[in-house]
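>>> heads up, no residue letters with this:
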């Protein structure tokens, strides 16, 4: 058996970043004058930033808006973000069994690192700016044995990497949607992760 190495998505898997992302988008609107429905944005977190920005800005302004949003992000989005229930205990459980922790996220890596450092969530590897099948590249490169995420695209990533995908219903996708996308297991949130992990690795 390969060493236990569990990958996690970030937004709405490990952390609730909705208040911070909403604040960052409001700041973007204030700076550009382009209205963004922040309630719609935070209800569908998961896809890359450019995909969301393209819903609000003309094609020739998307890259400029992405750059500005990322400049605004540290001042508006880091402090309001909190760990989701069970996040710390999940990471601790992996380490208690000699495992490693990865974060593989569609968020820009520098911004993801700010969240992890601010919240004191220690991970062994971080890969950012990846979505769906793209995440599989990092999962394979770092020897991931499982991948945990809240979005159907995370289950696609796990399936592409040929590892079990663990869904959590703390994001925009239902248990049924996660299972249909290939989830091997679905949890309500990460509070159930330590017990479930024990079953997966033969300890319970």
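That came through fine. Note that the structure is predicted; figures quoted are calculated from it, not measured. Residues are numbered from 1 along each chain as shown.
>>> for the rest of this, base every contact and every neighbour count on C-alpha atoms.
Will do.
>>> going by the annotation, which residue ranges form each domain of this protein?
5-16+82-200, 18-77 (automatic domain parsing).
>>> span of the longest one from start to end?
Right, domain 5-16+82-200. 12 Å (C-alpha to C-alpha, to the nearest Å).
>>> angles on the backbone of the residue in the chain sticking out farthest from the centre, please.
Distance from the centre of the chain peaks at residue 33, with 28.7 Å (C-alpha atoms, centre = their mean). The phi/psi pair for residue 33 (degrees, to the nearest 10) reads phi 80, psi 0.
>>> this protein: helices as residue ranges?
For the chain, helices defined by DSSP state H occupy the ranges 18-32, 38-42, 49-53, 62-77, 87-96, 109-119, 133-141, 152-161, 175-180, 193-200.
>>> just say which of the domains of the chain is most tucked in.
Neighbour counts (mean count of other C-alpha atoms under 10 Å) averaged over each of the domains of the chain peak at domain 5-16+82-200, with a mean of 20.
>>> quick revisit: TSV for the helices of the chain, including mean pLDDT and distance to residue 12?
Listed next are those as TSV, based on pLDDT from 0 to 100; distance: least, C-alpha to C-alpha, whole Å:
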stretch	mean pLDDT	distance to residue 12
helix 18-32	98	8
helix 38-42	97	10
helix 49-53	97	15
helix 62-77	98	14
helix 87-96	96	10
helix 109-119	98	13
helix 133-141	98	16
helix 152-161	98	12
helix 175-180	98	14
helix 193-200	87	15
